[in-house]
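# show me how the following folds:
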Amino acid sequence: MEYKHFISKRAEALKPSSTINLADTVRDMQARGLEVIRMETGEPDFATPKPIVQSAIKALESGMTKYTMSSGIPELKSAIIKKVWTKNSIPARAKNIIVTPGAKQGLFYAFAVILNEGDEVLIPNPSWGSFKSIVGLVGGSPVEYLCPSNKDFRIDFDDLEQKISHKTKAILVNYPNNPTGQTLSLSELKRLSQIATKYNLLVISDESYEELVYDNITHVSLASLPGMAERTISVFSFSKSFAMTGWRLGYVVAPEELVAKMVILQQQTATCPVSFVQRAGVTAFKCESDVARMVKEYQERRDLMLEGLKQCGIPCVKPRGSFYLFPNIQRFKLDSFQFAKFLLEKTLISVVPGSTFGSEGEGHVRMHFALSKEILRKVIGKLKIALKELG
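Numbers count the residues shown, from 1 in each chain. Here you go, the predicted model:
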């Protein structure tokens with residue numbers, strides 16, 4: 001039977017996730033017995049802290065396996081309110097919060113609620129590919145603004161402002177950034193708030209890596225700035241901060257009117273996040289010492305890899321957050337796909353071609369350092385040997 005006639009134009013236009021496709025390729029290689037060092041998937045190597053796991057088990061054993069309120073269980077929403085007031089300085093009440101099955105779902109709800117057909121969203125280049133895909137899926141049009149490599153991947157505000165049109169509905173920011181690890185300074189946040197206010201735009205702020213910041217940097221949420229809570233949709237995740245990627249839990253903090261529409265959308269799609277996972281989320285906010293331990297280890301690993309890349313003659317902007325490195329590989333005269341293919345074939349190290357994150361990502365590859373120091377030292381050794389072939 002021919003199914004082309006039945007597939008919608010939106011589904012036809014939707015492209016597979018490059019990083020997930022690459023991960024599937026690597027898993028296939030591993031299934032064939034090859035020992036691939038996986039630096040392509042953005043996932044902590046730490047186990048979920050035990051108190052979180054025990055909380056979920058206890059909830060299951062107590063029979064917490066039913067539907068919950070679509071916006072999230074009251075205990076978790078109360079914990080989120082306390083957290084965003086104290087850590088993010090975002091004034092929030094229960095009606096400003098929706099708990100979601102992961103931050104990605106929260107982003108989908110945000111775009112679905114605010115975008116009409118043809119509305120434009122300004123998205124950083126380079127950035128995580130799913131941003132553009134989700135915007136397109138709900139009928140919006142992604143328009144890229146530059147965060148150029150020659151400016152250490154910081155926002156080019158002149159370019160951003162030039163990209164604003166009568167169709168622009170929102171600006172998306174992601175910091176700490178995937179793939180570059182770049183953060184936003186307070187002055188940059190103020191500049192962004194001025195532009196959003198000047199043109200009456202919403203800002204979707206993806207802060208999934210908020211806890212993973214280094215060098216004594218303090219993460220500042222855009223919604224904490226004067227006048228920005230009313231025009232910011234802040235998206236948060238448990239995945240990276242608490243090593244809970246497979247648990248699928250996130251939350252959105254936004255104006256009450258927008259959250260109300262997101263709750264209806266969740267009612268009609270996912271219904272609610274998993275009940276016992278939400279109970280585990282309450283416990284997660286009590287695991288600050290575990291998070292601090294992971295962040296300390298990540299910083300040491302980052303420094304180890306930066307020194308190793310330097311020894312290999314590979315320049316790399318120092319990431320101030322996340323667990324990604326985005327080294328510049330232009331001197332090897334290969335594009336990012338060719339370089340990633342070379343590494344996989346020669347060293348069994350998997351990285352993500354930079355071009356999958358946008359045109360500004362070409363000439364770079366993304367590699368994560370969520371691996372033990374022993375493995376990272378092995379990576380550096382393999383790189384030193386393999387790159388001699390490229391001169």
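# note down every partner strand of the helix or strand Pro124 falls within and its orientation.
Assessed by DSSP states H and E, Pro124 sits inside strand 120-125. Next to strand 120-125 in the sheet, as set by DSSP bridges, lie strand 141-146 (parallel), strand 168-174 (parallel).
# who wins for proximity to Gly181 among these?
Shortest distance between Gly181 and the strands paired with strand 120-125, using Cβ to Cβ, is found for strand 168-174: 11.1 Å. All C-beta spots, glycine's among them, are computed from the backbone N, C-alpha and C.
# and the closest one, how far from the chain's centre?
Strand 168-174 has its C-alpha centroid displaced from the chain centroid by 15 Å (Cα atoms, centre = their mean, to the nearest Å).
# same question for that strand, mean pLDDT?
Mean pLDDT, computed over strand 168-174, is 98.
# residues in contact with it?
Strand 168-174 has contacts (Cβ atoms under 8 Å, 6 or more residues apart in numbering) with 114-116, 119-124, 127-128, 131, 140, 143, 145, 155, 160, 184, 192, 195-196, 199, 201-206, 208, 222, 233.
# heading C-terminal from that strand, find the next helix or strand.
helix 186-198.
# what packs against that next one?
Applying 3 or more Cβ pairs under 8 Å, 6 or more residues apart in numbering; DSSP states H and E, one finds that helix 186-198 contacts helix 157-162, strand 168-174, strand 202-206.
# listing request: residues of the protein with sub-threshold pLDDT.
18-19 (pLDDT under 70).
# domain assignment for it?
Listed domain ranges for the chain are 7-48+289-390, 50-287 (source: automatic domain parsing).
# which ones are touching Ser275?
By Cβ under 8 Å, 6+ apart, Ser275 lies in contact with 59, 64-68, 73.
# need the max-distance pair from the residues you listed.
Within those, Ala59 and Tyr67 form the most distant pair, 14.1 Å apart (Cβ to Cβ).
# who's more crowded, these two?
The neighbour count for Ala59 versus Tyr67, taken as other Cβ atoms under 10 Å, is higher for Ala59 (20 against 8).
# stretch 54-63: which residues count as buried?
Residues 55-56, 59 are the ones in stretch 54-63 that count as buried (16 or more other Cβ atoms under 10 Å).
# next one: stretch 318-335
Buried, per 16+ other Cβ under 10 Å, within stretch 318-335: 319-330, 332, 334-335.
# in a markdown table, list the strands paired with strand 120-125 along with mean neighbour count.
Shown next, in a markdown table, are the strands paired with strand 120-125 (neighbours: other Cβ atoms under 10 Å):
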| stretch | mean neighbour count |
| --- | --- |
| strand 141-146 | 20 |
| strand 168-174 | 24 |
